[in-house]
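In: Coordinates for the following, if possible.
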Amino acid sequence: MKKYHLLLALLLLLCATTSARKRTLYAVGFYNQENLFDTCHDEGKNDYEYLPAKGWNSENYISKLKNMSRALADMGTSELPGVGCAFIGLAEVENDRVLNDLVSQPALRARGMKFCHVEGPDKRGIDCALLYNSKLFKVKTVKLVPYVQELAKDSAFYTRGFLTVCGKMGHQQVAVIVCHWPSRFSGSFYRESGARQTKAVKDSLLRMNPNMKVFVMGDMNDDPTNKSMFEVLRAKPEISEVGAGDMYNPWYNILVKDGKGTLYYKGAWNLFDQIVMTPNLLTKAKKNDWMFWKPEVQRMDYLIQQDGPYQGAPLRTKAGGKWLHGYSDHLPVVVYLK
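Out: Next up is the predicted model:
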């Protein structure tokens, strides 16, 4: 009987150890939703392209919600099947109504996904948001830091700010800054301005708590090699190059060396969708801390156009005026931590 009890105790200890080991693996992600609008006009917003009069009807909206929830639920499951991401930054979501409809989809409802969102001033009405699994990430504060125009001539032009969410993942304090920097219809100066302001937010978080693990994620509308990312935000491609005040950018070599990206334009890949991190995510201060492990561009087959002139590119919602009932013109990205 004693041997039986000893064996049972050892088995329980093994299960508990294995469970604890599993809980030290996390995934965090980012995904541009490509115009996730509802079918109603929002006063003061230029959302007319996504109204029933322009073909954006309930059928298309429901199809989009189903598709995006499927992709979001699948993010991170190559390493964490049935679990996925602790949190996912989003770009191009219209409002709280859309986000409520999104997390109500069965694939996300099953995970208990919730969201953080602050209505922003973008003239089209597209905002950033953060989806999170409340079992894995505990939200403490949510703030939208406005994008401030640096040139007087632009003072009347309002664009997307920096959604800043602080919380706890496991036993560690985490902050995430979700960005959608100005598009390439604007000059590089405006994305460099976005990088300066993002860096200021990041630096202020670290002054308040030097141990805070800070992620900057978003659709930067620039590649890792561009000045905004490499010089202004100081997001370095090699861990050995990361110093105080810098960030680590694991996506640089994925684009430059591997030739992989998240956005396909004029026959070439860009990697606008990035997750970069502060140096304290590259080492473990304590044995049971988690740290950066690896990045992954999410290339599920169903996200890719399988035929036609856009074969091999992301399968988007519409192209050339034709509804494709796809997903997004961007691919999602994930960073694993363990």
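In: Where does the prediction get shaky in this protein?
Out: Scanning the chain for pLDDT under 70 picks out 1-23.
In: 90 instead, please
Out: For the chain, the stretches with pLDDT under 90 are 1-24, 44, 155-157, 185, 285-288, 307-310, 318-325.
In: Could you count how many residues lie near residue 125?
Out: As a burial measure, residue 125 scores 22 neighbours (other C-beta atoms under 10 Å). Where you see a C-beta, it was placed from the backbone N, CA and C, and this is true even at glycine.
In: any idea which helix or strand carries it?
Out: Under the criterion DSSP states H and E, no helix or strand holds residue 125.
In: residues in contact with it?
Out: Residues near residue 125 by C-beta atoms under 8 Å, 6 or more residues apart in numbering: 37, 42, 45, 46, 47, 94, 95.
In: tell me the phi and psi of the second one?
Out: The main-chain torsion angles of residue 42 are listed as degrees, to the nearest 10 and equal phi -100, psi 120.
In: show me the contacts for it.
Out: Contact analysis of residue 42 by C-beta under 8 Å, 6+ apart lists 94, 95, 125.
In: for those residues, which one is nearest residue 334?
Out: residue 94 (24.2 Å; C-beta to C-beta).
In: Pretty sure the closest one sits against residue 40.
Out: No: here residue 94 lies out of contact with residue 40, judged by C-beta atoms under 8 Å, at a distance of 9.2 Å.
In: Show me which of these two is the more surrounded one.
Out: A count of neighbours by other C-beta under 10 Å puts residue 94 above the other of residue 94 and residue 40, at 25 against 14.
In: Spatially nearest residue to the more buried one (excluding sequence neighbours)?
Out: Residue nearest to residue 94 in three dimensions, not counting chain neighbours: residue 37, with 4.6 Å by C-beta to C-beta, 6 or more residues apart in numbering.
In: quick one: that neighbour from residue 216, how far?
Out: As defined by C-beta to C-beta, to the nearest Å, residue 37 lies at a distance of 26 Å from residue 216.
In: Which of those two has more residues huddled nearby?
Out: residue 216 (29 against 26).
In: So the more buried one lies in a helix, does it not?
Out: No: applying DSSP: H, G, I helix; E, B strand; the rest coil, one finds residue 216 to be strand, outside a helix.
In: surely it meets residue 164?
Out: No: with contact defined as C-beta under 8 Å, residue 216 does not count as touching residue 164 (10.0 Å).
In: what do those two both touch?
Out: Joint contacts of residue 216 and residue 164 (C-beta under 8 Å, 6+ apart) are 176, 177.
In: Just the strands from the stretch 201-338 of the chain, written as ranges.
Out: With strands called from DSSP state E, counting those that start in this stretch, the stretch 201-338 of the chain shows them at 213-219, 235-236, 247-248, 263-265, 268-270, 273-277, 292-297, 318-319, 322-323, 333-337.
In: buried ones in the host helix or strand of residue 179?
Out: Assigned by DSSP H and E, residue 179 falls within strand 172-180. Of all the residues in strand 172-180, those buried under the rule 16 or more other C-beta atoms under 10 Å are 172, 173, 174, 175, 176, 177, 178, 179, 180.
In: same question, stretch 95-113
Out: For stretch 95-113, by 16+ other C-beta under 10 Å, it's 95, 98, 99, 101, 102, 103, 105, 107, 108, 111, 113.
In: Return the alpha-carbon coordinates of that stretch using PDB.
Out: Only the C-alpha atoms of stretch 95-113 are listed here, as PDB (Å, rounded to 0.1, in the frame of the first residue of the first chain):
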ATOM      1  CA  ASN A  95     -15.700  50.300 -33.200                       C
ATOM      2  CA  ASP A  96     -16.800  48.400 -30.100                       C
ATOM      3  CA  ARG A  97     -19.800  47.000 -31.900                       C
ATOM      4  CA  VAL A  98     -17.500  45.200 -34.400                       C
ATOM      5  CA  LEU A  99     -15.300  43.900 -31.600                       C
ATOM      6  CA  ASN A 100     -18.300  42.600 -29.600                       C
ATOM      7  CA  ASP A 101     -19.500  40.800 -32.700                       C
ATOM      8  CA  LEU A 102     -16.000  39.400 -33.300                       C
ATOM      9  CA  VAL A 103     -15.400  38.000 -29.800                       C
ATOM     10  CA  SER A 104     -19.000  36.500 -29.900                       C
ATOM     11  CA  GLN A 105     -18.000  34.200 -32.800                       C
ATOM     12  CA  PRO A 106     -17.800  30.600 -31.600                       C
ATOM     13  CA  ALA A 107     -14.100  30.200 -32.300                       C
ATOM     14  CA  LEU A 108     -13.200  33.100 -30.000                       C
ATOM     15  CA  ARG A 109     -16.000  32.800 -27.500                       C
ATOM     16  CA  ALA A 110     -14.800  29.300 -26.800                       C
ATOM     17  CA  ARG A 111     -11.500  30.800 -25.700                       C
ATOM     18  CA  GLY A 112     -13.100  33.500 -23.500                       C
ATOM     19  CA  MET A 113     -11.500  36.300 -25.600                       C
END
